[in-house]
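Engineer: Below is the sequence, then the predicted model.
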Amino acid sequence: IGGALTTIAGNSGFLSYSGGTLAGNGLSTFNAIAVSATAPTTGQVLTATGVAAAAWQTTSGGGGYGTLVVAAPSGTAATDTTNIQSAIDAVSAAGGGTVVLKEGIYQISTTINPKSGVTIRGQGKSTVQNTGLSGTSGGGSPSGTTLRGTTGLASTRMISDTGTAPINVTFRDLNLDFGKVTRGSITGQDMVMKGSNLTFINVTFIMTASVGNPSVDITPSNTFDTGKHKFIGCDFYDAGTAATICFQLGGLISGCYFEGTVATFNEMVAFVGAANVTNCYFASNKNYNNGMVYVQPANNSNQAQTVTISNCFFKQYTTAQTRAIFVDNITNGNVVISGNVGDSSSAAVGNIHCPASSGLRNIIGNVGFSAYSGGNQNGNDGQTALNSGAAAGGDLSGTLPSPTVAKVNGVSVPAAPSAGQVLTATGPT
């Protein structure tokens, strides 16, 4: 449009405007990209919603994902639970992001359901070492952020998958106190998550009393997801009394602390599927039926069982432990137990047992344990050789690593002398 005093104003929906005096005209496209006609609110940015469309959307500097801060603990379980779950649902609906919990104790009365792509982040976990933050009168006063189970849960899980198992979920910098004191009589599990790529960083787990089996189960249900979980710098306390397994885990477990005080459990922690356990500390004052650490057969025959336990420390405080590490009869996979240290200065820390079965079983370079049995052994407490179960040679008979002396410089000796007898040559051989 040309000419003097020509005005183009108040139009919308056209591809472009040119010439004259322009005022209040709306564009329906931006560089040939269709733009939503919905007006933006303060702080929104124009965001591509497809290859040929755009709309005004809210972001919070998280790569397009949102961060939502939950109100401080209210002192009311129903309110705290609703606030946390609503925040998880809102962030999930926005495409994922972080739910931030403030310092204090959030009381949980119904099951919290994590969602894919959501991080639940607190203000730190307790640094106080006590078996169960909830093990004192009134539930204790941990530092940082705590989610604590209450009587409203009854025998319902405090945290659990629902529907489709979530993927890419992270918990960090908080305490998960499943409610030993505050929850009352419990017969169900504390926490079950069967999704993929679950990450726990700087999280304390406090197991409860009289729980299901296992109390905390964080292992993938899908064969192809085995080994993808991560537990970094976490603390695990088994303050319960009646489950068979306290914690059942898989994936990378590094720099974690495990403490056991339960006499009736079969094991403090079970590793299943693919597990790489390194630089962890295991402490107990009870004798578990199977052992402090139990390497459990995979959930199905198609799931390879590949477990390494290396550079870890085992400490027994009071009652002698029978087994520090017990490997079950695994038929599909390999197990390596190497470079671990046992401390029996207070009570026997127990043995490392790895039965001879298909696959590779190596017990190598461990120190301080009560005994070693099964598998391929080498370098444990000064061992120089030797495959357990292999036939001894030379003057020795039987099998390694505990042969018997059959000869002295090739001369046969009797097996069982009676009192007062001396070894006497009766001939050249």
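Structural biologist: Cool, got the structure.

Engineer: CA atoms for contacts and neighbours, from now on please.
Structural biologist: OK.

Engineer: shaky segments in the stretch 201-350 of the chain?
Structural biologist: Scanning the stretch 201-350 of the chain for pLDDT under 70 picks out 208-212, 222-226, 239-244, 262-265, 298-304.

Engineer: what ranges do the strands span in it?
Structural biologist: For the stretch 201-350 of the chain, the strands defined by DSSP state E, counting those that start in this stretch cover 216-218, 230-232, 235-238, 245-254, 257-260, 267-278, 281-284, 291-295, 305-310, 313-316, 323-327, 333-338, 341-343.

Engineer: got a markdown table for these, with mean neighbour count and distance to Phe369 too?
Structural biologist: Below are the strands of the stretch 201-350 of the chain laid out as a markdown table (neighbours: other CA atoms under 10 Å; distance: least, CA to CA, whole Å):
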| stretch | mean neighbour count | distance to Phe369 |
| --- | --- | --- |
| strand 216-218 | 24 | 28 |
| strand 230-232 | 20 | 26 |
| strand 235-238 | 25 | 22 |
| strand 245-254 | 24 | 21 |
| strand 257-260 | 22 | 18 |
| strand 267-278 | 25 | 17 |
| strand 281-284 | 22 | 13 |
| strand 291-295 | 27 | 13 |
| strand 305-310 | 23 | 14 |
| strand 313-316 | 23 | 9 |
| strand 323-327 | 26 | 8 |
| strand 333-338 | 21 | 12 |
| strand 341-343 | 20 | 5 |
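
Engineer: Including distance to Ser412, could these go into TSV?
Structural biologist: Output for the strands of the stretch 201-350 of the chain, formatted as TSV (distance: least, CA to CA, whole Å):
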stretch	distance to Ser412
strand 216-218	57
strand 230-232	57
strand 235-238	55
strand 245-254	51
strand 257-260	50
strand 267-278	46
strand 281-284	47
strand 291-295	41
strand 305-310	42
strand 313-316	43
strand 323-327	37
strand 333-338	38
strand 341-343	39
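
Engineer: Out of those, which is closest to Ala392?
Structural biologist: When the strands of the stretch 201-350 of the chain are compared by CA to CA, strand 333-338 sits nearest Ala392, at 23.7 Å.

Engineer: pLDDT score assigned to Gly184?
Structural biologist: Per-residue pLDDT puts Gly184 at 57.

Engineer: Check Thr187 too.
Structural biologist: If you check Thr187, the pLDDT there is 63.

Engineer: Point out where the stretch 1-150 of the chain drops to low pLDDT.
Structural biologist: Along the stretch 1-150 of the chain, the model assigns pLDDT under 70 to residues 1-37, 41-52, 56-65, 127-142.

Engineer: what residues does stretch 417-429 touch?
Structural biologist: Gly410, Val411, Ser412, Val413 (CA atoms under 8 Å, 6 or more residues apart in numbering).

Engineer: Show me which pair in those residues is furthest apart.
Structural biologist: For the contacts of stretch 417-429, and using CA to CA, no pair is farther apart than Gly410 and Val413, which are 9.3 Å apart.
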